[in-house]
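J.: What shape does this take:
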Amino acid sequence: MLRSLSSAKGLHTADAALEVQSDYWKGEGVDFSSIKVCDGSGLARTNRFTPKFLGDILAKMSSDKDYVSLFPLAGKEGTVRSLLADTRLAGRLALKSGSMNGVLCYAGYKLDASRRPTHVVVIMVNGFNCRAADVRVAIRKYLLTLF
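T.: The predicted structure follows:
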């Protein structure tokens, strides 16, 4: 998305595109004081996001049906295919996943029967030293308890 923004706006650097992007979200009332964005992919170890920041962005985008449809359905598709498979929440959460060593995150939406978002979901687990599979089991239990 950052590269598309750069091209569409005739910007020549990622930094210029990041500035346009952050100015837009600040104008939408999203607080940038507790984050640090270094690239457009989120993969740089120097990036810093809070769950609240990500939740605020997701809340602002929740009314965009096309955007929400980009998220794979937990228990059914993509990297979240096995997360809630064979549970009452399969197909009811639309989540993107992200992981690196010691980091496991899920973000997206709880959906109603018409596939409209009812809740924003952001789970970030950092610095764990157990198996990632154990963290996924704990997240699954948490989501089943919550919803």
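
J.: pLDDT below threshold where in this protein?
T.: 1-3, 5-6, 40-43 (pLDDT under 70).

J.: That one: strands as residue ranges?
T.: Assigned by DSSP state E, the chain shows strands spanning 93-100, 103-111, 117-126.

J.: residues near residue 53, how many?
T.: 19 (other Cβ atoms under 10 Å). Every residue, glycine included, has its C-beta placed from N, CA and C.

J.: Please list all residues in contact with residue 57.
T.: Residues counted as contacts of residue 57 (Cβ atoms under 8 Å, 6 or more residues apart in numbering) are 25, 30.

J.: Would you point out which residue is most central in the chain?
T.: residue 107 (3.4 Å; Cα atoms, centre = their mean).

J.: what number of residues lie near the residue nearest to that residue when sequence neighbours are not counted?
T.: Once flanking residues are discounted, residue 107 sits nearest to residue 122: 4.7 Å by Cβ to Cβ, 6 or more residues apart in numbering. Per other Cβ under 10 Å, the neighbour tally for residue 122 reads 20.

J.: circling back to that earlier point, okay, and the beta partners of the residue nearest to the centre of the chain?
T.: With DSSP bridges as the criterion, residue 107 is bridged to residue 96, residue 122.
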